[in-house]
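S.K.: Whatever this is, show me its structure:
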Amino acid sequence: MLCDKYHVDFDRMKQWYDGYSFADTDSVYSPDSVMGAVNFGKFKSYWTSSETYESLKDYICRNFDGLKDTIVRMLGGQRECVDIGTFQNDMTSFHSRDDILTLLIHLGYLAFDEREMKAYIPNQEVSDAFRLAVKGTDWKEVNQALSRSETLLKATVNQDCESVAAALELAHETCASTLSYNDENSLACAIMLAYYTAQNYYEIVRELPAGKGFADCAFIPRRNTDKPAMMIELKCDRTADSAIQQIKDRRYAGRLKDYAGELLLIGINYDKKSKGEEQKRHTCVIERI
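M.R.: Okay, the predicted model is just below:
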C-alpha cells in the first residue's frame, strides 16, 4: 500500500529491506528503512552508520573456529546452523562462533529461521553493511572477490570467458573450506559471492537440482536495467560445453518464459581431478541467444 501510494518500486523495497521472519510470519521488513525509502525516494542503508560498521567488524573478526568461513558463506547466500542457546545475553561474554552469530541476530544483522535453526543475511541493506565491515578486515581474498564482482559482471556480459573462469576460481578458493570445496553448496556460494554486485541489477534465483557436481543460478534483470538475463550452470570434472548443453536439454531457460530479451547461457566446469598448476581449474563457455 505504501509503495503504491508513494510510487515506490515494491520489488526493490523487498530486495532492500525484507527478509526477517518470526514464528508464523515469513516476511518482516525493517520498518525504519521502509519509511526512509518512502520519505526520501531512495534505496540505501538507513539504520547503519560508520560506527556500526566498526562494531560489526569487531564482532566478525573474533578468533573463533569457523566464524570467518561462516560469514563468507553467508555473503554467498547460504544459511548456517546456529545454536542460540549458548549466548549469555550480556553483550560482552563471547565463547564461541554461535555466541557471536546469536548476538548478530539480536542486533538485526542476521535473520533467523526458527524451523531450520539457521541464520542468514536478510537483505541488501544488511549485506552492504557486512561488505563494508569485511572491507576493513585483513580478509584479502574475500575483499578481492567482492571488489572484482562488478568487473566480473562486465566480463560476463562481454562474453570474456577466460576472465569469468579466473574470477570464479578465485571466489571458489575464497568461499569453500578444504572439507567442503567439492560440495554443491560451496560451488553455488562461490557464484553468489563472485557476482555480489549483480543484485543491484538482477533478481538472483539460486537452485540446486538433484545430482552431484553442479549448481544452477538464474539472473533475472530488474526493471529499468539493460542487462541480459543469465543462466549459469556449474559442473565438476565434465566440460563447460556439457553445462551449456544441460541448460538446453533440461530447458532451464523455460523458467524465464515471461522475460523478453537477450539471454546468456553460461557453463562453468570445475576440474577437481587435474594435477599440479592445473589443479582445481575452472573453464567457461558463454553463449548468447
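
S.K.: which stretches of the stretch 151-289 of the chain have low pLDDT?
M.R.: Counting by pLDDT under 70, the stretch 151-289 of the chain has low-confidence residues at 176-185, 207-215, 255, 273-280.

S.K.: now with 50?
M.R.: By pLDDT under 50, the low-scoring segments of the stretch 151-289 of the chain are 178-179, 208-213.

S.K.: Helices of that one, start to end?
M.R.: With helices called from DSSP state H, counting those that start in this stretch, the stretch 151-289 of the chain shows them at 161-175, 184-194, 240-249.

S.K.: Using neighbour counts, pick out the buried residues of the longest one.
M.R.: For helix 161-175, a neighbour-count test (16 or more other CB atoms under 10 Å) marks 161, 163-172, 174-175 as buried. (C-beta placed from N, C-alpha, C; glycine too.)

S.K.: Can you lay out these as CSV showing distance to N143?
M.R.: CSV is the format used below for the buried residues of helix 161-175 (distance: CB to CB, whole Å):
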residue, distance to N143
C161, 25
S163, 19
V164, 20
A165, 21
A166, 17
A167, 14
L168, 17
E169, 17
L170, 11
A171, 12
H172, 16
T174, 9
C175, 13
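
S.K.: now, which of the residues you listed sits nearest D69?
M.R.: C175 (8.5 Å; CB to CB).

S.K.: and T52, that one's in a strand?
M.R.: No - assessed with DSSP: H, G, I helix; E, B strand; the rest coil, T52 is helix; it does not lie in a strand.

S.K.: Count the residues that sit near it.
M.R.: By other CB atoms under 10 Å, the residues close to T52 number 16.

S.K.: Could you find the closest non-adjacent residue to it?
M.R.: Closest residue to T52 apart from its sequence neighbours, by CB to CB, 6 or more residues apart in numbering: A129 at 6.6 Å.

S.K.: for that neighbour, what are its contacts?
M.R.: Counting by CB atoms under 8 Å, 6 or more residues apart in numbering, A129 touches S45, T48, T52, Y53, L56, Y109.

S.K.: Let's see if you can find the most crowded of those residues.
M.R.: That'd be Y109 among the contacts of A129, by other CB under 10 Å, with 24 neighbours.

S.K.: Please identify the helix or strand for the residue nearest to that residue when sequence neighbours are not counted.
M.R.: Once flanking residues are discounted, Y109 sits nearest to V126: 5.8 Å by CB to CB, 6+ apart. Following DSSP states H and E, the helix or strand that holds V126 is helix 124-135.

S.K.: tell me which residues in that helix are buried?
M.R.: Result for helix 124-135 [16+ other CB under 10 Å]: buried residues Q124, E125, V126, S127, D128, A129, F130, R131, L132, A133, V134.

S.K.: quick one: which of those residues is nearest V38?
M.R.: Out of those, the member with the shortest distance to V38 (by CB to CB) is E125, at 14.4 Å.

S.K.: and the gap between that closest one and T102?
M.R.: Here E125 is placed at a distance of 21 Å from T102 (CB to CB, to the nearest Å).
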